[in-house]
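S.K.: A predicted structure for the sequence below; I have some questions about it.
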Amino acid sequence: MAKKIFVAATGQNCGKTTISISLMHQARKKYNKVGFIKPFGPKVLLYDDFMVDMDALLMAKAFGMEEDIALMSPVALHRDFTKDYLAGKLDDLSLTDCILKAVQELEEKYDFLIIEGAGHGGVGAVIGLNNARVAKLIDAPVMIVTESGIGKVIDAVHLNLALYEREGADVRGIIVNKLLPSKKDVTRKYLKHAFEPLNVKVVDGFNYSPILANPTLSHISKLFDLPLQGDLSEKSRIIHNIQLGAASSQRVIDGLLDSTLMIVTSSRDELIVTLSSLYHIPAYQEKIAGLVIAGHGPVSEISQQILHDSNIPYIRVEETTAEAFTALSDDVAKITYEDQEKLNWIMANAEQYMDFDAIDALL
């Protein structure tokens, strides 16, 4: 039977998937066969005639496990799943059996099995399968991923611990992610004071990294549900800055930062032409990641031709520049299987930031 770990979290956007990728990368160096499962997933995609969770698909694609995709995502919660379930339309489904059967098959196939939860401990309660209950059901020791901090982390972990304890799940430790290097030692010290008397170990996760936090051009395209145009080989490029092209062209160019996504209104012909022309110059290509061209008005014919010939990546949206900027500012980028630069970075830095042996020893 496989050794198991249930990767839980105090909430969304803690970096749980980053931790799962790191665990997979490092575990494969120690164990012959390492598997993955997302027992239930609320964010689904259609893949090879299966509705599967996007994190399960990420792991399958990144680590060559596509043959197991149906087992890796046994319960995919499509958009109306919750309503249909509460309305009694899905009474014939045995979700518990689906999960147990998938876990059993993967346990028999692999030596080490990573089980990734969905959000905080209570997620899934509406279908009678919150994360804490699933962890107990499949008898997997739990590590809770949390963002960095002291007071808010202690509060959030205790809130989740209460549910895991009520369900009888075995929480072994917490993984503190998105650590700030300047506060790392102090954070670790006080969290150990808070949790180790409870027999809950504290393990470091990754330092905060803009590479992981920031979106790619592909992500922006999906956010607006519009195609990326221009050089599609740049779709995995990470955007480190988002700027509004509201000033004069010269001031906009002088103010360019590293890997900037520039939001410009469709009527700013001179700025569109200038940015498109500069994109050919390597020094500026490092600064210009792409454009979001906003507004109802058409781009002039000559500007469109220059834009096309430059091959600069761009997305054409009908929202105003202010609306586009707000949408981008409010968005939280999730890692997908297409984000090769992010995946490569996680695997290259996994050993540096996260002590797999320390986690493995707790299981």
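M.R.: Ah, there it is. Fair warning: this is a prediction, and the values are worked out from it, not measured in the lab. Residues are numbered from 1 along each chain as shown.

S.K.: helix or strand with the lowest mean pLDDT in the chain?
M.R.: Taking mean pLDDT, DSSP states H and E as the measure, the helix or strand of the chain with the lowest value is helix 81-86, at a mean of 78.

S.K.: any idea how far that helix is from the chain center?
M.R.: Offset of helix 81-86 from its chain centre (CA atoms, centre = their mean, to the nearest Å): 25 Å.

S.K.: buried ones in it, by neighbour count?
M.R.: 81, 85 (16 or more other CB atoms under 10 Å). (Glycine included, C-beta is placed from N, CA and C.)

S.K.: that's a strand at I144, yeah?
M.R.: Yes - assigned with DSSP: H, G, I helix; E, B strand; the rest coil, I144 falls within a strand.

S.K.: which stretches in the stretch 251-363 of the chain count as strands?
M.R.: 260-265, 288-294, 314-316 (DSSP state E, counting those that start in this stretch).

S.K.: and S329, which of the ones you listed is closest to it?
M.R.: Closest of those to S329 is strand 260-265, at 10.5 Å (criterion: CB to CB).

S.K.: mind giving me the packing neighbours of that closest one?
M.R.: With contacts taken as 3 or more CB pairs under 8 Å, 6 or more residues apart in numbering; DSSP states H and E, strand 260-265 sits against strand 241-244, helix 269-278, strand 288-294, helix 321-330.

S.K.: from those, which stretch is densest packed?
M.R.: strand 288-294 (a mean of 25; mean count of other CB atoms under 10 Å).

S.K.: what pairs with that strand, parallel or antiparallel?
M.R.: Strand 288-294 pairs in its sheet with strand 260-265 (parallel), strand 314-316 (parallel), by DSSP bridges.

S.K.: can you lay out those as JSON lines showing distance to P282, mean pLDDT and mean neighbour count?
M.R.: Listed next are the strands paired with strand 288-294 as JSON lines, based on distance: least, CB to CB, whole Å; pLDDT from 0 to 100; neighbours: other CB atoms under 10 Å:
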{"stretch": "strand 260-265", "distance to P282": "15", "mean pLDDT": "96", "mean neighbour count": "23"}
{"stretch": "strand 314-316", "distance to P282": "19", "mean pLDDT": "97", "mean neighbour count": "22"}
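
S.K.: picking up where we left off before, okay if I get the helices and strands packed on strand 260-265 as TSV plus distance to V153 and mean pLDDT?
M.R.: Conversion of the helices and strands packed on strand 260-265 to TSV gives the following (distance: least, CB to CB, whole Å; pLDDT from 0 to 100):
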stretch	distance to V153	mean pLDDT
strand 241-244	29	95
helix 269-278	42	96
strand 288-294	33	97
helix 321-330	24	91
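
S.K.: how about those, which one is nearest I312?
M.R.: With CB to CB, the closest approach to I312 among those belongs to helix 269-278: 5.2 Å.

S.K.: let's see the closest one as CSV, backbone CA atoms only.
M.R.: Provided in CSV are the C-alpha atoms of helix 269-278 (Å, rounded to 0.1, in the frame of the first residue of the first chain):
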residue,chain,number,x,y,z
ASP,A,269,-2.6,55.1,-32.7
GLU,A,270,0.8,56.7,-32.0
LEU,A,271,1.3,54.7,-28.8
ILE,A,272,0.2,51.4,-30.4
VAL,A,273,2.6,52.1,-33.3
THR,A,274,5.5,53.1,-31.0
LEU,A,275,5.2,50.0,-28.8
SER,A,276,4.8,47.7,-31.8
SER,A,277,7.9,49.2,-33.4
LEU,A,278,10.0,49.0,-30.3
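
S.K.: pLDDT score for the residue lying closest to P181 once chain neighbours are set aside?
M.R.: The spatially closest residue to P181, leaving aside those adjacent along the chain, is N207, at 5.6 Å (CB to CB, 6 or more residues apart in numbering). You'll see N207 listed with a pLDDT of 94.

S.K.: isn't N207 right next to Y353, touching?
M.R.: Yes - counting by CB atoms under 8 Å, Y353 is a contact partner of N207 at 6.1 Å.

S.K.: picking up where we left off before, can you put the strands paired with strand 288-294 in TSV and add distance to A2?
M.R.: Output for the strands paired with strand 288-294, formatted as TSV (distance: least, CB to CB, whole Å):
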stretch	distance to A2
strand 260-265	43
strand 314-316	43
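
S.K.: among those, which comes closest to E323?
M.R.: It's strand 260-265; of the strands paired with strand 288-294, that one is closest to E323 (CB to CB) at 9.9 Å.

S.K.: so that closest one versus helix 269-278, what angle?
M.R.: Interaxial angle of strand 260-265 relative to helix 269-278 (axes from the mean of the first three to the mean of the last three CA atoms, to 10 degrees): 150 degrees.

S.K.: ok, and what's touching strand 260-265?
M.R.: With contacts defined as CB atoms under 8 Å, 6 or more residues apart in numbering, strand 260-265 is touched by 217, 220, 239-245, 252, 256, 271-272, 275, 287-295, 297, 320-321, 324-325, 328.
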